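[1] Generate coordinates for the sequence data below:
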Amino acid sequence: MQNGDENDVAKDPAGYLGNFHRIKQPTEPISELDFINVFSEDNKMQKIMNLIRFIDKDKNGFITTSEMTDILKETYPAKLKDKEFKHLYKPFCSIQNPILLDYKRFREFILHYAT
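    This next block holds a predicted model:
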């Protein structure tokens, strides 16, 4: 940094500033049936899959459960904002690394019951 550049902030090429912290929101668990009904009433699976493909750069079929939660809460803010649904991910998580979600199996499960 040159003198006089005290307003410059170092960031990585992706734009991360290094001070991101997830704010804990109070949530209540959502039942499997209510979760599926969100998709039955307004199926936005194409939008969700586009966001997933953007995140899954190496196309390995997995994203983190936190990433999926963020995608779903962004896609259905009114219905899922204050809901906890990570417990519904368990059957679709990797055995070796339980924070990794097999999103293709998760999608098939939702589409099977939501249609």
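[2] So what pairs up with the residue nearest to F62 when sequence neighbours are not counted in the strands?
    What sits nearest to F62 in space, not counting adjacent residues and going by Cβ to Cβ, 6 or more residues apart in numbering, is L100, at 4.2 Å. All C-beta atoms are positioned from the backbone trio N, CA, C, and that covers glycine. In this entry, L100 is beta-bridged to T64, by DSSP bridges.
[3] Helix, strand, or coil at the residue most central in space within the chain?
    Centroid check for the chain by Cα atoms, centre = their mean gives M68 as the closest residue, at 2.0 Å. Put simply, M68 is helix when judged by DSSP: H, G, I helix; E, B strand; the rest coil.
[4] How many neighbouring residues does the residue nearest to E67 when sequence neighbours are not counted have?
    Closest residue to E67 apart from its sequence neighbours, by Cβ to Cβ, 6+ apart: I55 at 5.5 Å. By the measure other Cβ atoms under 10 Å, the count of residues near I55 is 14.
[5] On the pLDDT front, check I55 for me.
    I55 carries a pLDDT value of 93.
[6] In the chain, what residue spans correspond to helices?
    With helices called from DSSP state H, the chain shows them at 32-41, 45-55, 65-75, 77-80, 103-114.
[7] Tell me the helices and strands packed up against the last one.
    Same thing as helix 103-114. Packing contacts for helix 103-114, counted by 3 or more Cβ pairs under 8 Å, 6 or more residues apart in numbering; DSSP states H and E, involve helix 32-41, helix 45-55.
[8] do the same with the second one
    Counting contacts by 3+ Cβ pairs under 8 Å, 6+ apart, the secondary-structure elements packed against helix 45-55 are helix 65-75, helix 103-114.
[9] Which of those helices sits closest to E32?
    helix 103-114 (8.4 Å; Cβ to Cβ).
[10] Pull out the buried positions in the closest one.
    Y103, F106, R107, I110, A114 (16 or more other Cβ atoms under 10 Å).
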